[in-house]
Structures are given as structure tokens and as C-alpha cells.
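> just a sequence and a predicted model for now, questions to come.
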Amino acid sequence: MDKLGNLKRTDYCGQLRRADCERQVVLFGFAHRQRDLGNLIFIDLRDRTGIVQLSFNDKTPKSVFEKAQGVRGEYVLAAIGRVTERESKNADLPTGDIEVAVSELRILSKAQTPPFEISKAMSVGEETALKYRYLALRNPQLTQNIITRHELAAASRQYFTDNGFIEIETPMLIKSTPEGARDYVVPSRLHPGSFYALPQSPQIYKQLLMIAGFDRYFQLARCFRDEDLRADRQPEFTQIDLEASFVNIDELIEIEEGYIKYVMNRVLSVNIDSPVPRLTYKDAMEKYGTDKPDTRFEMTIENISDWAQKTDFAVFCDAVSSGGSVRAVVAKGGAAAFSRKKIDKLTEFVKGIGAKGLAYVRLADGAAACSFSKFLKDGELDELITLLGAKDGDCIFIVSGKNSTVLPVLGALRCEIAKRLDIIPKNKWNFVFITEMPFFEFNEDSGEWVAAHHPFTMPMQECIDKLDSDKGAVRAEAFDLVLNGVELSSGSMRITDCELQRKMFEELGMADEEIDAKFGFLVEAYKYAAPPHGGMGIGLDRLAMLMCGADSLRDVTAFPKLQNASEAMSSAPSEIDKAQLDELHISLTGEKI
């Protein structure tokens, strides 16, 4: 193997252009591909910035040419040569106008044949790709994703620093407090039988920083939640966490709007229009069936209950009379895409997420095929079509029942229809703030009201007198930021009155002993005066995922976990030996699950 010696890189591979012709350069990287054409050899050299072609011909020193013949994929190389214009240009590569005529080649490290082609790492099975993650990360797309994530993090720090926020680190080993998900716990060697928790967020600490007088705080905080995984969820993630004193809810939203405009322009050169639209939670649910609406396409939900209860269709009438509703979405141009067989598939889809069925009207070739026509009187179907503004070639889909079912089902259905019709615009950035979030939500399994956000969220002033009498009507001084149907952040004003904070804990079913045990230090801190404050957490991983056009957080995380929260590469989590367990005063009982 050759030595690096005193060789110094002059350029990165992907940064060379025609203007660099005739320059002598020193390049380092991985051999992406080697093509031996007999009297010509080409090696595509790859580093984190891209690929450049190295060329070897009859003018190349014989020893260098012979060395190039022995190069295989993923060898680590150093190349010295002159930048020249390519005869056969490659318009698909930023460096496709030039190549490097190599005068000296050093093989710094040889590679075994990888378990998969680096160029195809994005399509390899998940377990294999994560077991050899260090190889998958050589893939140019994954490499660029990680670089984009870095640029986002750097821009985030710059924005908040420029706006008077101070970066402060908060502890990673903390007291376990209820925040909505299971804690990851860490046993204490020095305090037998006691445990730390890894933070689900720095929530309590950042509020204490406001009490301490640091009126603008932020950090790129690592957070941990022991919950079931999905494409946009990992057990450990990064949150752009911030808190500010002497602000109101509108000022918090303005801070986040300024941040979004800044990073989108800085990282992607995309300009976001101002102001970012706002929807109340109620309006978002009524129009889109979700508090995470994708507003890149139309097809909003329409309430047709007044029309429905005049018909003889018992399913519709019973839904309305029992306090529910009948609602519809119109799929413009859907008749061509949705045959009866495909509508049956949509029916299976909505049944799988809680609906009892799916009624429809298919308008095609001047006729209307209606699944419930026998229950309609003359003129009622025409009235419905007119009410919804449906035209020939459209499909109307209707769901009835409890609002808690109808709205989310239609919300999911509109997105499913949009995917099947391929009407969701690409490269469109639709941000929307969702405001006036519910303070409580009812858990039907337990029959109890629980905090919709964390228990430090401030209820809207006009709702405080409803805390005891009408929990379902209490709205919070809270907001979410949503991008293209993905929640990016949650924020709120905080409770700063110690008596009101204690009352909120009580409303959530906590006894005095539990309040003192879990939150006594926070309640105590409020006794020494707290400025009005609020803040938010912005999901850096999710924002990076959307910026990169990725389908999963795994594509923007260097070393992610599998769906079962394990890491295939290092085999974490793993057993520890008895000596370590004894030192922690832990004994294992029972069989492995």
C-alpha cells in the first residue's frame, strides 16, 4: 500500500470545472468505478462533493498506468494530475466537461467487494443497508442528505444567534417526568435503586432558564422517546429547542416564520411568501380532517349533514341525529381513475381506519352511478351534485358517523385519493400554522381527559373558567407548524402562575404527593417570579427529511435505528455482564421476551 506522505489535497472532486483546465491538482477519494478499455483507463473518483473522471492513456507513465489497471471499486486513492477538457462530455455530471490526466496515483487502502453496490445503496434491504451503514453513507444521495442536514443545523444556529438567542446546553441525565411518551431510563451506580431518564425534551430546564433571566435560549437538543417507530420517528432525534421571555403567541409565531424563511433560503435558495397562512385547529379539522393538513392540493371536506338528514337514507339520518355528521370530498377527474373495483379498494381502506363504509357518486359520460340512490327521492341527487359543485368526470366520496371518526377518515382518504390521482405538486412548500389547539383530549380507552400537549401549556384566557366544567371546550395558547402534511414543530405560551400550574396538574388527575414528587422543584421556582414566556421545539430531522425529498428519517440520520429500535451495525441494545449489573445493583428476573 502506498503512503500518503506529505501530499496535501488541493481540491475536492465535485468542485472542479472547465475554468480549472491546465491546473495541477491533488485529489483524494474512493474509486467509484474503473473502466479498462485496453489502451485507455478511466476511474471515477468520488468524495463527499461528487465525482470526477481520472484518465490514463499512452502518455501516462507506465507504472502509473499499471497501477490504475489494478484499481477496484471502493479503493481509497490519491491522484495527482492536470485538469483537461473532456472529449466526450457528460451533461449529467457537474464535472462532466473535464477530467484529470493523472501523472501519479497512490493506492492508500484496498477494499473487499462490498456487500452491495454503493450506487444502489438506497434500494438495498433495510437490515443490510443499516448493518453496513458506513458503506451506505458513501452513496452520493445519502452523503448529500447528511451535508444538507449539516447546512440546516448551521443555518439554525446562525439565525437564532443573530436574533439574540443564547445557546445553552441542558442535562442529558434528568429526573423522570411525564411528557407523553415512555422514558429511556439509566440506572444510577451511586444511588442504588434510583434511575435517571434521558430527556424527551428540555422542556422544564428551558422554562427554568427563563426564570433565571436568560430571556432568549436555544439549543440543538438531543431527545429520546421510547415509542413505536415509523418512517418519521426515531427513538433519538434532534430538536431545535427555544424559549423566549416577554413575548406573546403572535411574536412566537413570527420568530418561527422568520426562521423558516431564513433556512429555506439559506439552504435551498427557496423563498417562502409572507405571511405563512394560519388555520385554527377547528378549521383545519373541518376542512382537512387533520391538524397536519397537506394544503398543496384542494379537495377539502364538505359538511353535507343538512342535505343528508332530509333523505330517507337511515345511515345518514342516524349519524346526524346522534350528534355526528355526513361529510364528503369531491375527487375532480376521479371517475376515470376509480372504477367500481378501485372504489371497493378505497372502501377497504376507510374501513381499515375506522369507517363503517364508504358511499359514493361516480359521474361519468353524463350519468351518475350512486351507491345509495334507492334511498333518494327525485331531485335529491341533483341537489347534492349542485351543492358540492361536482361535474361530469368527478367522484364524490361520503363518510358518515361520529365526527371523531368521519373527519380523520376523510382526511386520510383525501390524501390517498390525491396520491392515486398523482395531483400532489412536487417541489412545492406549503407551510401552515395551526393555532388554538385543544388543551385536553379525551382518552376513550381510559375514559379520562389528558393533556393534548405538555402540562405546562397556557390555556387561553377566555377558557380558564371552563377548566372544571367543559374540558372539551378549553383551547390552548399553542400552535403547530406543518409543512406538506408533516408536523414540524409545536409551541405554546407557558403557565407562569404557580397556583394555576398546580391546578393544571390536578385537572390531569395528579394528587399533591405526585405533583410534589415529579414537579415540586418547578412549582417552587415559580414562587420566585417568572417572566411571561413561551417557546417551541422544531424537528430538525423532519425538516431535513422534507428538504432532501426523503421518505424516511433514516435517510437524513447518520446511524439510525431499525423499526424495533435496534441498531443492526453494532447490535445495540446488547446484554451486559453480571459484574456491571452487580455494580448497578440490578438483578434480572424472568425469561427473555
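The structure has been received and is ready for your questions.
> lowest confidence element among the helices and strands of this structure?
strand 448-451 (a mean of 75; mean pLDDT, DSSP states H and E).
> could I get the full set of helices for the stretch 451-593 of the chain?
498-507, 512-526, 540-547, 578-583 (DSSP state H, counting those that start in this stretch).
> and those: which comes nearest Ile434?
With Cβ to Cβ as the criterion, Ile434 lies closest to helix 540-547 of the helices of the stretch 451-593 of the chain, at 15.3 Å. For glycine as for every other residue, the C-beta is placed from the backbone atoms N, C-alpha and C.
> quick check: mean pLDDT across the closest one?
Helix 540-547 carries an average pLDDT of 96.
> and it, what does it pack against?
helix 140-162, strand 236-245, helix 249-268, strand 486-493 (3 or more Cβ pairs under 8 Å, 6 or more residues apart in numbering; DSSP states H and E).
> so for it, what gets flagged as buried?
For helix 540-547, burial by neighbour count (16 or more other Cβ atoms under 10 Å) applies to 540-547.
> and which of the residues you listed is nearest Leu363?
If you rank these by distance to Leu363 using Cβ to Cβ, Leu546 comes first, at 35.3 Å.
> in this structure that closest one contacts Asn484, no?
Yes: using Cβ atoms under 8 Å as the test, Leu546 is close enough to Asn484 to be in contact (6.5 Å).
> so Ser103 versus Leu54, what's the distance?
11 Å (Cβ to Cβ, to the nearest Å).
> low-confidence stretches in the chain?
Applying pLDDT under 70 to the chain flags residues 178-180, 231, 590-593.
> ok, Leu584 - how many residues close by?
Applying other Cβ atoms under 10 Å, we find 16 residues neighbouring Leu584.
> which residues touch the spatially closest residue to it that is not a sequence neighbour?
Ranked by Cβ to Cβ, 6 or more residues apart in numbering and with sequence neighbours excluded, the top spatial neighbour of Leu584 is Pro187, at 4.5 Å. Listed by Cβ atoms under 8 Å, 6 or more residues apart in numbering, the contact set of Pro187 reads 194-196, 584-586.
> same list (those) but as TSV, adding distance to Met172.
Below are these laid out as TSV (distance: Cβ to Cβ, whole Å):
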residue	distance to Met172
Ser194	16
Phe195	14
Tyr196	8
Leu584	18
His585	22
Ile586	20
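> ok, of those, which one's closest to Glu22?
The nearest one, if we look at the contacts of Pro187 relative to Glu22 and count by Cβ to Cβ, is Tyr196, at 61.2 Å.
> that closest one pairs with what?
Applying DSSP bridges to Tyr196 gives these bridge partners: Val186.
> surely it is in contact with Tyr184?
No: contact between Tyr196 and Tyr184 fails when scored by Cβ under 8 Å: they sit 9.4 Å apart.
> any idea which of the contacts of Pro187 has the most stuff around it?
Tyr196 (18 neighbours).
> Ser103 and Leu54 - which one has more neighbours?
Using other Cβ under 10 Å as the criterion, Ser103 and Leu54 rank with Leu54 on top: 24 against 15.
> and the more buried one, what element?
Applying DSSP states H and E as the criterion places Leu54 in strand 50-56.
> in the sheet, which strands lie alongside that strand, parallel or antiparallel?
strand 41-47 (antiparallel), strand 98-109 (parallel).
> so which of those strands is nearest Ala129?
Closest approach to Ala129 among the strands paired with strand 50-56 is made by strand 41-47 (18.1 Å; Cβ to Cβ).
> three-state assignment of Asp273?
coil (DSSP: H, G, I helix; E, B strand; the rest coil).
> what number of residues lie near it?
9.
> same thing with the one 3 residues further on?
Burial of Val276 is recorded as 19 neighbouring residues (other Cβ under 10 Å).
> hmm, it is touching Asn430, no?
No: look at Val276 against Asn430 with Cβ under 8 Å: they stay out of range, at 9.4 Å.
> before we move on, back to that, okay, buried residues for the least confident helix or strand of the chain please.
Here strand 448-451 shows 449, 451 as buried, counting by 16+ other Cβ under 10 Å.
> what packs against that strand?
strand 440-443.
> flag every buried residue along the strand it packs on.
Here strand 440-443 shows Phe440 as buried, counting by 16+ other Cβ under 10 Å.
> circling back: okay, the buried residues of helix 540-547 in JSON lines with distance to Gln309 next?
Formatted as JSON lines, the buried residues of helix 540-547 follow (distance: Cβ to Cβ, whole Å):
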{"residue": "Leu540", "distance to Gln309": "48"}
{"residue": "Asp541", "distance to Gln309": "46"}
{"residue": "Arg542", "distance to Gln309": "41"}
{"residue": "Leu543", "distance to Gln309": "44"}
{"residue": "Ala544", "distance to Gln309": "48"}
{"residue": "Met545", "distance to Gln309": "44"}
{"residue": "Leu546", "distance to Gln309": "41"}
{"residue": "Met547", "distance to Gln309": "47"}
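> ok, those vs Thr128, which is closest?
Looking across the buried residues of helix 540-547 and measuring by Cβ to Cβ, the closest to Thr128 is Met545, at 21.6 Å.
> report the separation between that closest one and Gly539.
9 Å.
> now Lys261: closest residue in space that isn't a chain neighbour?
Ile272 is the one closest to Lys261 (Cβ to Cβ, 6+ apart), at 4.8 Å.
> correction: the previous question concerned Pro425.
Arg296 (5.2 Å).
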